[in-house]
Structures are given as C-alpha cells and as structure tokens.
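1. from the sequence below, what's the structure:
(one chain, ligands or ions: 3)
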Amino acid sequence: MPSAENILLATFRCSRHGMILVRLDQRLVQVNSKFCGLLGYQENELLERPLAEFTYPEDAILAQKLFDNVANGRMKRFEIVLRLVNERGENLLSHLTAHSVLDASGKPGLCAIAVEDITEKDKAEDKLRIAAKIYESSEEGVVVTDREGIIQFVNPAFTMITGYSPEEALGKNPNILKSGRHTQEFYELMWGSLNTEGKWEGEIWNRSKNGEAYLERLRITSIRDAAGRTTHYTAIFSDLTQIRDTEEKIRYQAYHDILTGLPNRSLYFDRVRQAITRAQRGGKKLGVMFLDLDDFKKINDRLSHSAGDLMLQGVATRLVGCLRDTDTVARIGGDEFTILLEDVDGEKQSSVVAGKIMRSISEPYFYNSEELFVSASLGIAIYPADGASVEDLTKNADIAMYHAKDLGKNNFQFFTESMNQKVVKRLEVETNLRKALDKDEMFACYQPKVDLKTGRIVGMEALIRWRRDGLDIVLPNEFIPLAEETGLILGLDEWMLGKACAFNRRIHDGGDEEFSVAVNVAVNVSAKAFESPDLVKSIQDVVALSGLSPRYIELEVTESSIIRNMDQAVTVLCRLREIGFNISMDDFGTGYSSLSYLAKLPINILKIDRSFIVDLVSNPKSRSIAKAIVSMSHEMDIKVVAEGVEKAEQLEYLRGIGCDEVQGYLFCRPLLENDMEDLIKSRVQYQSH
Ligand code: C2E
Ligand code: MG
Ligand code: MG
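-> Ligands and ions are numbered 1, 2, ... in the order given. Have a look, this model is predicted:
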C-alpha cells in the first residue's frame, strides 16, 4: 500500500490543472509540470521564487492580502481570479483555488493551490454574453448548441420563425426542425464542412412547430477552444420563404395591375419592346390594340365602384380568354386595356381577334343578380406599317380607338394615316383655340326669340363665333366639343356671359320702356361648368360687373350636363334661381326627355330641340308629343320655347298648341351685335306667317 504522501504527490503531478505549493510569503515550494507548461518555465526556474513575480502587479497585491489572511488563520481556503504572466510576457487569466496546509505544530505554513487557465474559456463566455445580447434583438434566428448538439440558447427570432419557445427548444437537438426534405447525403456534407472548415452555409428546408416547411438561409459556425476542440455550435438563419414572398410580391406589384392581375403599362411596354425585336429579326408582324370601354363612367356612377371593379375584372378575364398564351393583355388605365398580338399575318388575323373580343365583351355581366351590359371601342395598329416603336404603335392604336368612338362606339378600327392627320389637325386647332381669346378672335352673335302672341322680340340667345386667324368663321359645333374636352370652354363661356350681359345692359339703358327693357339675353352654360365647385360665384361675379339684373338673364343648360352631375346640378341651379336667374332646359327631346324629372329641377324655361321641330310636320307622333310637352310644362309653370323653327307650318302648329316663344331662321338668323341692336330698336313686330 503506497503512502498517502506518495498518492498525493502522484495526484499532484498528473493533475489536469496547474498545481503549486507555496509558502505564505508566496515562494513556490513545489510545482507540477502542467503549471510549468502554463508559464513556460522549467521547474528549477520557478522554485523558491515568489508567485508575485509571475503575477500581474495589481493582482499580486490583492493575492498577498489573501495569503496574509491565511497566515493569521482568518481563512483556510480562498479562490481568486488573477492574471499570471508567462515566459513570453502574455497574461493568462487564471482561476486559483487555494487551501492552507497545516504544519506539525498545527499552524498554517503552506498553501496548496490549483491553477486553472481560464483565458480561452473566459473569452468564449464573454463572446457568448455579447452575442446573446446582440442576438436578442436580431431578426435572424439564432441557436447555440453545445458540442453534442444540445440546444443551449435560442433567441426570440428563433421562436418567431420556428414556433418553438425557448422552454420547448432548450435541451433538445435541432433535428426537431428537420423537414425531411433533404437526403442523408445533404446532412453528411454539412457535417463534413463543419468538421473540416468549422462552418457551413447554405439554404435548407426546415419545418416549424405547426408542421409548415420553410426555406431558410443557414450559417453554422463551430466555436472552438484554444486547442481546436469544438465547444459549441452557433446557427444563424433567416426565413427565406417570407423574404422571397415579399420580394416576389413587390416585383409582382411593380408590373401588374392589382385589380385585374393583368400586366400593367410598364410590363406591357417591355413585352412589346421585346416582341418588336423578335419580329424585326424574323420579319414578322405584330398587332397592337387599344381598347376603351364605352360609357364606363356611367356604369360606375349609376351603380357603384364595386360594380365597376367587378366589370373590369370580368372584362379582363374575357380578354384573356380571347387570346393565345403568347399574346399579352394589359390594363393601362381606368377602363383602358392594351393587347399585343404576336406573330400575326396583319389585318386579317387581327380583325378576327378584334371581332371575338367585341362579341365576348358584349355578353352580359351579372351584378347582384342584375344583368349589366357594356361595349368597347377598339383601335388596332400593325407593326411595322403603323410604327416601329412601342410608343408610336400604342399612340396610333389609341388614335384608331378614338376614331371608333367617333363612329358611334362598339366597333373596331385599324389605324390609317388620315386619322393621324385628323389628330394633327385637332392638335393644331387646340393650340389656336388656346390663343383665340387673347388674340380677340371670338365674337358674339345674337338670335332673337319671338313671343308667339305679340310677335315681339322678347329675348335673344348669345351664340359664340370664332374668326380664326383671318380664315372663315368657325361655328361652335366645330370647336365647342374640343373646348369642352380641354376645359377651355370655361374661359369661353365666361367671356360670352360678360359680353352678353354688357350688351343687354346697353340695350336696356338706351332703349325705350315698351320694347327694349323687356328683352332677356340667353347664354349657354357648358356641362363642364358643373364640375367646377364655384360656378355660382363666378357667374355672379361676371354678371355683377355688367350691372344687369339676373332676371334678364337665361342660363341655358342641357339635359345631359344635369344628368351627369344630378345632385350637384340641382343644388347649383336652385341657388341660381334664388338669386334671380332664369334657367332654361336646352335641346329638350334629344336626351332622356323625361318629363317626370322636369318637376324636380328648378327650371322655368324649356327649349324643344330643333330635331323635334323638323319632325313636327311629317310625324303625327311628334306632334302629339310636342303637344304633351307644352301642356305639361304649363302645368308646371314652365315657359316653352321652340328652337330651329324654319317653316310656317311648324310655327302654325306651335301656335296652335300654345307654345310661348319661337327662335329660328323663319324669323331671323343669328346677327352681329350692332345688327341685333338695330333690329330691337326698330320695334319690329312679327306677324303671323
Ligand atoms: P343651341 O344652344 O341649341 O343653339 C341653337 C343653335 O341652332 C345655334 O347654332 C343656332 O344658330 C342654330 N339655329 C337657330 N335657328 C335655326 C334654324 O332655324 N335652323 C337651323 N338649322 N339652325 C338654327 P350655333 O350657333 O351653331 O350653336 C350650336 C350650339 O353650340 C348651340 O346650340 C350651343 O349648344 C353651342 N354654343 C353656342 N354658343 C355657345 C357658347 O357661348 N357657350 C357654349 N357652352 N355653347 C355654345
Ligand atoms: Mg342654347
Ligand atoms: Mg338648343
């Protein structure tokens, strides 16, 4: 049986830790080889030298206090972390565990100390602490496992992505996340790389707690100690499924129309550009179509926007159904669609497709069990004949579409050069029209309105004329529609109102009581004006400037402009009536011609349209309708004016049914201001014809 001393000595020598025996003045009595290795000195270089010599100075002072405590018996054991300095001058963070050893007299004489180098361990723990802090707030999932792969740490993002709480994950193996989508070989390669290079990076399918597989970008690093042994693994991963989803979504939204899912303008333009390149190489043709729904705004206004949306979706589906996979249909505006036909032989094939589209679109749509109908106007341009760029082709298809609208909608047209010229001309007219007022090219004509009972002039309608750049006089029908489209009409109407009021004021001022003072002036108000929020004020301002009382002014509005903005129009017209203006319903008989809604409108004059008057002589039905209009209007206290009276027969009939006033070539054409003034002052009195 070996002696206790020998056993202790052997333990001392082979301990994994550094072992030393020191006197209480810190001189080294015994050192084992591990300790020598730590400091890099030979045994004989160490013995009999104080430990303080191998200790960082500040730490040595601290240590000495502890040794003193042992010496005076206040302490039997102590632990301290201090910095030893090795042979190369490097600091070794060391954990010392000291026990006092009593001598024969029972007094403390020596300390046996185990010395553990914790430099690396401390570094690793520090790293983990800092890392843990960073990982707390990271959007990437983080798992730290020990060498055996047992999960030691997970961060909140890990829980977010995998669905496993820290309690559920800690102590488990990360293979709880295995999706089963990878082969054994995949994992072998992963481990191979981890073992040889200390890291692995790649994409991997894992499975979250709720069973959903997700793709993640994963980076695993092994943490090693100084001896190169793996102590931990950290895995950092981000959920690619989500990133891909959002990236995909953003890309999708950038190139698609959200409502219909069709490509949008930019994707469409891209596709046409590519198609042009292909067609150019192969000497092929392309068809480019521009489609616009007819009166879509009415559907939207009459029903609701959701009905409109549904219809647009329906149209999109039908368009796709009419085309081959290689063709593209895009929505590029509210109710505007463009279509690219690849590899067509030209007009023949394009017109077959266009016909198919027209038929398909005109099938009924269902909304809340109501059947809705819509038609479309479509223009076609062919590459290369009608343009070599996507811009030109689309513009020309658009021009052709407008031509289809002009021809009464619900049809398709191929682009022709003459259409282009028309557009160019239109542009020219628009440019000139913009300058017309400044250049003083507009002037007013007045057409008398005659009282049927007395034969006297009781009013006049102001009609605008344009003497364009020294050319012939342009009549309103040629420029009013364009002026309305461009909004220029607002300026023209305001000018006309001012002019007409000033003129009438002059007549009233200079004329005699009996004839001139009773003359009203009628001015046309465009539909566009009802879109402006301060129509009432702008009319009032202009009229105030002339000093003419509103009761001598008739504002002629058309049915269509009222219908278009019914609620607002009624409010505005009521206000104008309150102020004292007369409101006249112009062109009655051309639009809805509904007598029932007349009662709802604050109008006091109704003008039967010329087209109706023309019909009077030949059509008995028209005669009965005219009769009904007059008697009903009178019931409602509305004065009736017949316009466009050219024939004596018409006049006679109108007189017979009690029409109040007439206006037409039979009496007088529109006259220049001076001629009109002379006519009124001549006290003309028309007799029966
Ligand atoms: P409207 O308000 O219905 O005006 C009557 C139109 O019928 C005038 O044409 C007038 O010259 C024409 N006319 C009158 N009697 C006869 C007739 O016996 N036979 C025929 N065939 N025609 C007759 P005009 O001056 O060419 O005006 C056309 C339209 O242009 C007007 O129709 C009106 O809607 C619009 N307009 C004219 N001046 C203005 C204006 O200053 N502002 C706005 N917004 N519109 C205007
Ligand atoms: Mg009128
Ligand atoms: Mg009229």
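2. for the stretch 251-400 of the chain, which segments count as helices?
-> Listed in chain order, the helices of the stretch 251-400 of the chain (DSSP state H, counting those that start in this stretch) span 265-282, 296-302, 305-322, 347-362, 390-406.
3. closest to ligand 1 out of the ones you listed?
-> Comparison of the helices of the stretch 251-400 of the chain against ligand 1 by C-beta to the nearest ligand atom identifies helix 390-406 as nearest, at 18.2 Å. Heads up, the C-betas are built off the backbone N, CA and C, glycines and all.
4. for the helix or strand just after the closest one, the distance to its chain's centre please.
-> Downstream of helix 390-406, the first helix or strand assigned by DSSP states H and E is strand 412-414. Distance of strand 412-414 from the chain centroid (C-alpha atoms, centre = their mean, to the nearest Å) equals 32 Å.
5. need the winner for burial among the helices of the stretch 251-400 of the chain.
-> helix 390-406 (a mean of 21; mean count of other C-beta atoms under 10 Å).
6. which strands or helices does that helix pack on?
-> Under the contact criterion of 3 or more C-beta pairs under 8 Å, 6 or more residues apart in numbering; DSSP states H and E, helix 390-406 touches helix 265-282, strand 285-293, strand 376-383, strand 412-414, helix 417-436.
7. mind giving me the domain ranges of the protein?
-> 4-120, 138-244, 258-415, 430-681 (automatic domain parsing).
8. can you give me the distance of V344 to S351?
-> According to C-beta to C-beta, to the nearest Å, V344 and S351 sit 10 Å apart.
9. in stretch 159-167, what counts as buried?
-> 159, 161-164 (16 or more other C-beta atoms under 10 Å).
10. report the two of these separated the most.
-> Taking C-beta to C-beta, the two most distant members of these are I161 and Y164; they sit 9.2 Å apart.
11. shared neighbours of the two, which are they?
-> S208 (C-beta atoms under 8 Å, 6 or more residues apart in numbering).
12. comparing the helices of the stretch 251-400 of the chain by mean pLDDT, which bottoms out?
-> Averaged per stretch, pLDDT over those is lowest on helix 296-302, reaching a mean of 82.
13. just list what it packs against, helices and strands only.
-> Counting contacts by 3+ C-beta pairs under 8 Å, 6+ apart, helix 296-302 packs against helix 305-322.
14. ok, the residue of the chain most remote from its centre to ligand 1 distance?
-> Here the chain reaches farthest from its C-alpha mean at S105, the gap being 93.7 Å by C-alpha atoms, centre = their mean. Distance of S105 to ligand 1, computed by C-beta to the nearest ligand atom, to the nearest Å: 128 Å.
15. just Y665 next, same as before
-> For Y665, the distance to ligand 1 - C-beta to the nearest ligand atom - is 3 Å.
16. distance check, the residue farthest from the centre of the chain against L8.
-> S105 sits 20 Å away from L8, going by C-beta to C-beta.
17. before we move on, back to that, list residues touching both of V344 and S351?
-> Common neighbours of V344 and S351, counting by C-beta under 8 Å, 6+ apart, are absent.
18. per-residue confidence at W466?
-> Residue-level pLDDT assigned to W466 equals 94.
19. looking at this, it is in a strand?
-> Yes: assessed with DSSP: H, G, I helix; E, B strand; the rest coil, W466 lies in a strand.
20. which ones are touching it?
-> Here W466 is in contact with 433, 436, 441-442, 473-474, 476, 479 (C-beta under 8 Å, 6+ apart).
21. out of those, which are inside strands?
-> 442, 473-474 (DSSP state E).
22. which of those sits closest to ligand 2?
-> Comparing the ones in strands among the contacts of W466 against ligand 2 with C-beta to the ion places M442 closest, at 16.7 Å.
23. would you check how far apart that closest one and Y164 are?
-> When M442 is compared with Y164 (using C-beta to C-beta), they lie 80 Å apart.
24. same deal with I457?
-> With C-beta to C-beta as the criterion, I457 and Y164 are 95 Å apart.
25. I'd like the next helix or strand past the least confident helix or strand in the chain by mean pLDDT.
-> None of the helices or strands of the chain scores lower by mean pLDDT, DSSP states H and E than helix 119-137, at a mean of 70. Next along the chain after helix 119-137, taking DSSP H and E as the criterion, comes strand 141-146.
26. what helices and strands are in contact with that following strand?
-> The helices and strands touching strand 141-146, judged by 3+ C-beta pairs under 8 Å, 6+ apart, are helix 119-137, strand 151-154, helix 156-162, strand 230-239.
27. just for this protein, where's the confidence low?
-> Residues of the chain meeting the criterion pLDDT under 70: 1, 126-134, 137, 226, 511-516, 591-596, 688-689.
28. and it, which residues reach ligand 3?
-> 586-587 (C-beta under 5 Å from the ion).
29. contact residues of the chain facing ligand 1?
-> Counting by C-beta under 6 Å from any ligand atom, the residues of the chain close to ligand 1 are 447, 463-464, 475-477, 480, 489, 493, 496, 524, 526, 556, 586-587, 610, 643-646, 663-665, 670.
30. same thing but 8 Å
-> With C-beta under 8 Å from any ligand atom as the criterion, the chain comes near ligand 1 at residues 444-445, 447, 461-465, 475-477, 480, 483-484, 489, 492-493, 496, 523-526, 529, 556, 558, 586-587, 607, 609-610, 643-646, 663-666, 669-670.
31. can you say which of those are buried?
-> With neighbours counted by 16+ other C-beta under 10 Å, the residues of the chain next to ligand 1 contain buried members at 444-445, 447, 461-465, 480, 483-484, 489, 492-493, 496, 523-526, 529, 556, 558, 586-587, 607, 609-610, 643-645, 663-664, 666, 670.
32. for this structure, longest helix please?
-> Using DSSP state H to define each element, the chain has its longest helix at helix 489-510.
33. is it in proximity to ligand 2?
-> No: Helix 489-510 stays clear of ligand 2 (C-beta under 5 Å from the ion), getting no nearer than 11.2 Å.
34. what are the buried residues along stretch 372-386?
-> 372, 374, 376-383, 386.
35. distance from that stretch to the middle of the chain?
-> Worked out by C-alpha atoms, centre = their mean, stretch 372-386 lies 27 Å from the chain centre.
36. and stretch 457-471, by the same measure?
-> Using C-alpha atoms, centre = their mean, the offset of stretch 457-471 from its chain centre is 47 Å.
37. and it, C-alpha only, in PDB?
-> Output of stretch 457-471 as PDB, limited to C-alpha atoms (Å, rounded to 0.1, in the frame of the first residue of the first chain):
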ATOM      1  CA  ILE A 457     -88.700  90.200 -79.700                       C
ATOM      2  CA  VAL A 458     -88.600  89.200 -76.000                       C
ATOM      3  CA  GLY A 459     -85.200  87.700 -75.900                       C
ATOM      4  CA  MET A 460     -82.100  86.800 -77.700                       C
ATOM      5  CA  GLU A 461     -79.600  83.900 -77.500                       C
ATOM      6  CA  ALA A 462     -76.000  84.700 -77.400                       C
ATOM      7  CA  LEU A 463     -74.000  82.400 -79.700                       C
ATOM      8  CA  ILE A 464     -70.300  82.300 -79.900                       C
ATOM      9  CA  ARG A 465     -68.300  82.600 -83.200                       C
ATOM     10  CA  TRP A 466     -64.600  82.200 -84.000                       C
ATOM     11  CA  ARG A 467     -62.900  84.200 -86.700                       C
ATOM     12  CA  ARG A 468     -59.800  82.000 -86.800                       C
ATOM     13  CA  ASP A 469     -56.600  83.700 -87.900                       C
ATOM     14  CA  GLY A 470     -58.200  85.600 -90.800                       C
ATOM     15  CA  LEU A 471     -59.800  82.400 -92.100                       C
END
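38. check contacts around the nearest residue to D615 once chain neighbours are set aside.
-> Closest residue in space to D615, ignoring its immediate chain neighbours: S622 at 4.1 Å, by C-beta to C-beta, 6 or more residues apart in numbering. Neighbouring residues of S622 by C-beta under 8 Å, 6+ apart: 612, 615-616.
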